[in-house]
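Visitor: Fold the following for me, if possible:
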Amino acid sequence: MQGPQARALNVNQAWWDGLKKGGRRPSQRRLRGDGMALYAMTCGWLSCDLNEMLAGGEGRITFPIPAYLIDHPKGLVLFDTGLHPHSIDDPHTLVGPLADAFDVRSRPGDDIVSRLERLDVDPGRVRYIVNSHLHFDHTGGNGFVPNARVVVQETEWEAGRIPELVHANFYNPINYDHGHIVKPVDGEFDLFGDGTVVTIPTFGHTPGHQSLKLKLPGGEIVLAADACYFCQTLENMHLPSLVYDRARMVNSLLLLRKLRRNGARIFFGHDPDFWRSVPQAPVKVF
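Guide: Next up is the predicted model:
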């Protein structure tokens, strides 16, 4: 019988109120390749002390692990890949150094492959994985998407390869070091050259965290990931207890505020209240 290490390596609110007022409802259209669409997927849940997510918070919180599929005419894009499916069975191997701080609440069917199956998508068809950063709950499914090119900020990828920074940032290479072709980018990067899928640097949570800006038929969306855990993170500038660079994270939150003022809709990284209102695949967001 394979040990856990071998098993792990062997892995081929304002917006929604406005929609309701406008009488608009999410479309039920499945993937057809005609135009661009966004699909939201829940790839597990985690539980931890609230203080980990909001400095000084009391009690515990259970929060979702989002991943997104962008259906673009030039190819399929995943923004993050959620938890590894064996995380609940062997958290110390798959979650790594944060296993004692986070309880995995994932269930069968929460993995990225199962979520893609609900959309009739073969993981081998995915052209790009855009990883916001290298933490276990954002890269755990990377190894199951074998043909994708991984797009990551250069500073993040470098940090994920240097032992001292791997340790300092609680990375676990078993989740992201699978031999993919990696495209390290520096700052904003227009994935398809048409302005519809653009990475934006939102450093601070980790050395090279990035968010993803989308121009969709329903307007501009920013998938913030861990640059902004919750709505109140953005409203109150309430940072987590552990941050790689607090000044840079504050600057990233100010950037997200600016984008919101200019009309973008912010999708918060782990906000359970917000997430309950987000249509789940196979229903598309837009």
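Visitor: switch to C-alpha atoms for all contacts and neighbour counts from now on
Guide: Noted.
Visitor: hang on, Leu259 in a helix?
Guide: Yes. Counting by DSSP: H, G, I helix; E, B strand; the rest coil, Leu259 is found in a helix.
Visitor: How are the strands of this structure distributed by residue range?
Guide: 37-49, 60-72, 75-79, 103-104, 126-130, 149-153, 182-185, 189-190, 197-201, 210-216, 219-225, 265-268 (DSSP state E).
Visitor: Using TSV, please lay out these together with distance to Leu94 and mean pLDDT.
Guide: Listed next are the strands of the chain as TSV, based on distance: least, Cα to Cα, whole Å; pLDDT from 0 to 100:
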stretch	distance to Leu94	mean pLDDT
strand 37-49	14	96
strand 60-72	15	97
strand 75-79	20	97
strand 103-104	11	94
strand 126-130	19	98
strand 149-153	20	98
strand 182-185	21	98
strand 189-190	30	98
strand 197-201	27	98
strand 210-216	23	97
strand 219-225	20	97
strand 265-268	24	98
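Visitor: Ok, which of the ones you listed comes nearest His167?
Guide: strand 149-153 (18.6 Å; Cα to Cα).
Visitor: In that closest one, which residues are buried?
Guide: Residues 149-153 are the ones in strand 149-153 that count as buried (16 or more other Cα atoms under 10 Å).
Visitor: what residues does it touch?
Guide: 127-133, 180-187, 201, 208-210 (Cα atoms under 8 Å, 6 or more residues apart in numbering).
Visitor: at 6 Å what do you get?
Guide: Residues from elsewhere that reach strand 149-153, judged by Cα atoms under 6 Å, 6 or more residues apart in numbering: 128-131, 181-186, 208.
Visitor: Next: stretch 45-59.
Guide: With Cα under 6 Å, 6+ apart as the criterion, stretch 45-59 contacts 60-65, 102-106, 239-241.
Visitor: Distance from the chain centre to that stretch, please.
Guide: Distance of stretch 45-59 from the chain centroid (Cα atoms, centre = their mean, to the nearest Å) equals 19 Å.
Visitor: Kindly report the same for stretch 202-214.
Guide: Counting by Cα atoms, centre = their mean, stretch 202-214 comes out at 10 Å from the chain centroid.
Visitor: Please apply the same query to stretch 188-198.
Guide: Worked out by Cα atoms, centre = their mean, stretch 188-198 lies 18 Å from the chain centre.
Visitor: Could I get the full set of helices for this protein?
Guide: Counting by DSSP state H, the chain has helices at residues 4-9, 14-21, 50-53, 91-94, 112-117, 136-139, 154-159, 163-168, 231-236, 246-261, 272-276.
Visitor: on that earlier part again, wait, which of the buried residues of strand 149-153 is closest to Leu234?
Guide: Ranked by distance to Leu234 (Cα to Cα), the buried residues of strand 149-153 are led by Gln153 at 22.6 Å.
Visitor: Relative to Ser114, how far out is the nearest residue to the closest one once chain neighbours are set aside?
Guide: Nearest in space to Gln153, with sequence neighbours left out and distances taken as Cα to Cα, 6 or more residues apart in numbering, is Val185 at 4.8 Å. Going from Val185 to Ser114 by Cα to Cα, to the nearest Å gives 29 Å.
Visitor: CA atoms only for stretch 223-241 - export them in CSV, please.
Guide: Output of stretch 223-241 as CSV, limited to C-alpha atoms (Å, rounded to 0.1, in the frame of the first residue of the first chain):
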residue,chain,number,x,y,z
LEU,A,223,-11.2,37.7,-7.9
ALA,A,224,-9.3,39.0,-4.8
ALA,A,225,-8.3,35.7,-3.3
ASP,A,226,-6.3,36.2,0.0
ALA,A,227,-5.5,39.8,-0.7
CYS,A,228,-8.9,40.3,0.9
TYR,A,229,-10.4,37.5,3.0
PHE,A,230,-13.7,39.1,3.9
CYS,A,231,-15.9,42.0,3.1
GLN,A,232,-15.0,43.6,6.4
THR,A,233,-11.4,43.2,5.6
LEU,A,234,-11.9,45.7,2.8
GLU,A,235,-14.4,47.9,4.7
ASN,A,236,-12.4,48.2,7.9
MET,A,237,-8.9,47.4,6.7
HIS,A,238,-8.9,44.6,9.3
LEU,A,239,-5.9,42.5,8.5
PRO,A,240,-5.2,38.9,9.5
SER,A,241,-2.9,38.1,12.4
